[in-house]
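Chemist: Predicted coordinates and the sequence they were generated for:
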Amino acid sequence: MTHSNPYTPGAGFMPSYLAGREGLISHAEQSLLALQKRYPQQSMIYYGLRGVGKTVLLNTIENSAEGYGILFDHIEADSDGKFTQNLLVSLQRIAHEVSFQTTAKDFARRFLALLKAFRIQYKLEEGEVAFGVDPEAGFVSGVYSNDLTDLMTQLGKAAQSSGDTICLFIDEMQYLRREEIAGLIVALHRCNQLRLPIMAFCAGLPKILQEVGEACSYAERLFQYEVVGPLKPEEAAAAITVPAEDFEVAYDSAAVEHIIAQTGGYPYFIQQMCSSVWQVTPDKPTITLEDVQEAEPKFWELLDKGFFAVRYQRCTPREKAFIAAMVKCGKLPCTIANVAKLMNKSVSSISPIRAQLISKGMIYPTSHGEIDFTVPQFDAYVWRINPNLEME
């Protein structure tokens, strides 16, 4: 009988064994419990490259929040510009839960009156959010940060009155507009000042550090920042071997070492590679280096056709030329000046392309004038599909 595959490659799919994140999860749970006891907590931002398991981490903390009886909602931002609309839906859903408590009904009614006052119309071509006022509803000022602060503090007061605790989980935070980031920071800061039981756990690409810093001068005091990177060798080994133990299957040391070397310790890559290996080794009690090498071409094919290609195909020809020049630099991160030189362009002429790729989440600034890919091993993928690194 063929064993079921215990590996789960996918966007945010929970692995059967979550390796290497115990410290982050424990710290998050301590913050949730402290907030329940009405001790204000700094909100969290987890940042890292694609494939490191940020979404899985958020989902795990959500499970803890649910176990503690905390009211929460998950918001996944996107480039569609609908974060504020989705945030308001989440806040309304939570307010509905809070309003069941008699002691909180007045606060909940005030919150819903304020919510009604937001008639949101997105002007996508202008990249901004416009507000209108319903004269029969609560007052809104038209200043985004003020209005969001009023909403969240009113909801926080309702939760305080009802004995509830509220937690927001925001994924792909890099897609928020500058005013949305600033509004969220100001609102959370005010809730902390008033000792209201609200906090947020956020996740995003590395560029979010710069975005948050530029959106608000005191952001570094409001949030705690945790980098989520590849697994350490011993953690990666556990991610490989522990799921197989339920089926009394083992890996020899050479197989484990090869998987770690090929995947770089990135959790998504480990799940994908081990899933591929599992498919070619039915009913074997020990997985060997030879088994891993047999499955390796399928592993790279799946990554190339899915994980890498999905992102690459969103790029324009000019953006693909920029990407090829980055790879041609030879060492990453690379400087924008070097990319411009390889493209025979001026830095100013390719700066808009750089901005577009950052906006799409393909690259991020590592330091002043330097850039790198947000996707691990993306340079190797570009070599495979464009071996001459043509920039036409």
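Modeler: That came through fine. Predicted model, so just to flag it, every value in this text is computed and none were measured.
Chemist: So for the helix ranked longest in the chain, what gets flagged as buried?
Modeler: Criterion DSSP state H: the longest helix present in the chain is helix 144-162. For helix 144-162, the neighbour count (16 or more other CB atoms under 10 Å) marks 144-145, 147-162 as buried. Placement of C-beta: from N, CA and C, glycine included.
Chemist: Can you name the next helix or strand after it?
Modeler: Helices and strands here follow DSSP states H and E; after helix 144-162, the next one along the chain is strand 166-171.
Chemist: Was I right to think Ala250 contacts Lys284?
Modeler: No. The pair Ala250 / Lys284 is not scored as a contact, 9.5 Å apart, by CB atoms under 8 Å.
Chemist: Where do the strands of the protein begin and end?
Modeler: 43-47, 71-76, 119-123, 128-132, 166-171, 198-204, 223-227, 250-251, 286-287, 334-335, 363-367, 370-373 (DSSP state E).
Chemist: In a markdown table, list those along with mean neighbour count, mean pLDDT and distance to Leu57.
Modeler: Below are the strands of the chain laid out as a markdown table (neighbours: other CB atoms under 10 Å; pLDDT from 0 to 100; distance: least, CB to CB, whole Å):
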| stretch | mean neighbour count | mean pLDDT | distance to Leu57 |
| --- | --- | --- | --- |
| strand 43-47 | 23 | 96 | 6 |
| strand 71-76 | 19 | 95 | 12 |
| strand 119-123 | 12 | 37 | 30 |
| strand 128-132 | 14 | 41 | 29 |
| strand 166-171 | 24 | 97 | 10 |
| strand 198-204 | 25 | 97 | 7 |
| strand 223-227 | 17 | 92 | 9 |
| strand 250-251 | 19 | 96 | 25 |
| strand 286-287 | 18 | 96 | 27 |
| strand 334-335 | 19 | 96 | 29 |
| strand 363-367 | 18 | 91 | 19 |
| strand 370-373 | 20 | 96 | 21 |
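Chemist: Please, where are all the helices along the stretch 251-392 of the chain?
Modeler: Ranges of helices within the stretch 251-392 of the chain are 253-263, 267-280, 289-302, 309-312, 317-328, 336-342, 347-359, 378-385, based on DSSP state H, counting those that start in this stretch.
Chemist: Any chance of these in CSV with distance to Leu168 and mean pLDDT as columns?
Modeler: Shown next, in CSV, are the helices of the stretch 251-392 of the chain (distance: least, CB to CB, whole Å; pLDDT from 0 to 100):
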stretch, distance to Leu168, mean pLDDT
helix 253-263, 32, 97
helix 267-280, 24, 95
helix 289-302, 34, 96
helix 309-312, 27, 94
helix 317-328, 33, 96
helix 336-342, 35, 96
helix 347-359, 24, 95
helix 378-385, 31, 95
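Chemist: deepest of these, which one?
Modeler: Most buried of those, by mean neighbour count (mean count of other CB atoms under 10 Å): helix 267-280, with a mean of 23.
Chemist: picking that back up, make JSON lines out of the strands of the chain and add distance to Glu296.
Modeler: Putting the strands of the chain into JSON lines (distance: least, CB to CB, whole Å) gives the following:
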{"stretch": "strand 43-47", "distance to Glu296": "30"}
{"stretch": "strand 71-76", "distance to Glu296": "32"}
{"stretch": "strand 119-123", "distance to Glu296": "46"}
{"stretch": "strand 128-132", "distance to Glu296": "48"}
{"stretch": "strand 166-171", "distance to Glu296": "31"}
{"stretch": "strand 198-204", "distance to Glu296": "30"}
{"stretch": "strand 223-227", "distance to Glu296": "29"}
{"stretch": "strand 250-251", "distance to Glu296": "14"}
{"stretch": "strand 286-287", "distance to Glu296": "13"}
{"stretch": "strand 334-335", "distance to Glu296": "28"}
{"stretch": "strand 363-367", "distance to Glu296": "27"}
{"stretch": "strand 370-373", "distance to Glu296": "22"}
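Chemist: Out of the ones you listed, which gets nearest to Ile385?
Modeler: With CB to CB, the closest approach to Ile385 among these belongs to strand 370-373: 14.3 Å.
Chemist: Would you mind measuring from the residue lying closest to Ala238 once chain neighbours are set aside to Ala239?
Modeler: In space, and not counting its chain neighbours, Ala238 is closest to Ala19: 4.4 Å by CB to CB, 6 or more residues apart in numbering. Distance, Ala19 to Ala239, using CB to CB, to the nearest Å: 4 Å.
Chemist: ok, now Pro15?
Modeler: For Pro15, the distance to Ala239 - CB to CB - is 7 Å.
Chemist: Could you do Thr288 as well?
Modeler: Plainly put, Thr288 is 19 Å away from Ala239 if you go by CB to CB.
Chemist: do Thr165 as well
Modeler: Computed as CB to CB, the Thr165 to Ala239 distance reads 32 Å.
Chemist: again with Tyr17
Modeler: From Tyr17 to Ala239 the distance is 7 Å (CB to CB).
Chemist: for Val227, same thing?
Modeler: For Val227 relative to Ala239 (CB to CB), the value is 18 Å.
Chemist: Same check on Asp171?
Modeler: 21 Å.
Chemist: Just the helices from the stretch 1-150 of the chain, written as ranges.
Modeler: Counting by DSSP H, counting those that start in this stretch, the helices of the stretch 1-150 of the chain are 22-36, 54-67, 83-98, 105-116, 144-162.
Chemist: out of the ones you listed, deepest packed?
Modeler: helix 144-162 (a mean of 23).
Chemist: just checking, Leu289 touches Ala254?
Modeler: Yes. With contacts counted by CB under 8 Å, Leu289 reaches Ala254, the gap being 4.0 Å.
Chemist: rewinding a little: adding distance to Glu390 and mean pLDDT, write the helices of the stretch 1-150 of the chain out as TSV.
Modeler: Converted to TSV, the helices of the stretch 1-150 of the chain look like this (distance: least, CB to CB, whole Å; pLDDT from 0 to 100):
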stretch	distance to Glu390	mean pLDDT
helix 22-36	42	97
helix 54-67	34	96
helix 83-98	38	88
helix 105-116	53	68
helix 144-162	45	90
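Chemist: Turn the ones you listed into a markdown table, columns for distance to Gln377.
Modeler: Formatted as a markdown table, the helices of the stretch 1-150 of the chain follow (distance: least, CB to CB, whole Å):
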| stretch | distance to Gln377 |
| --- | --- |
| helix 22-36 | 24 |
| helix 54-67 | 17 |
| helix 83-98 | 30 |
| helix 105-116 | 45 |
| helix 144-162 | 39 |
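Chemist: Lovely, talk soon.
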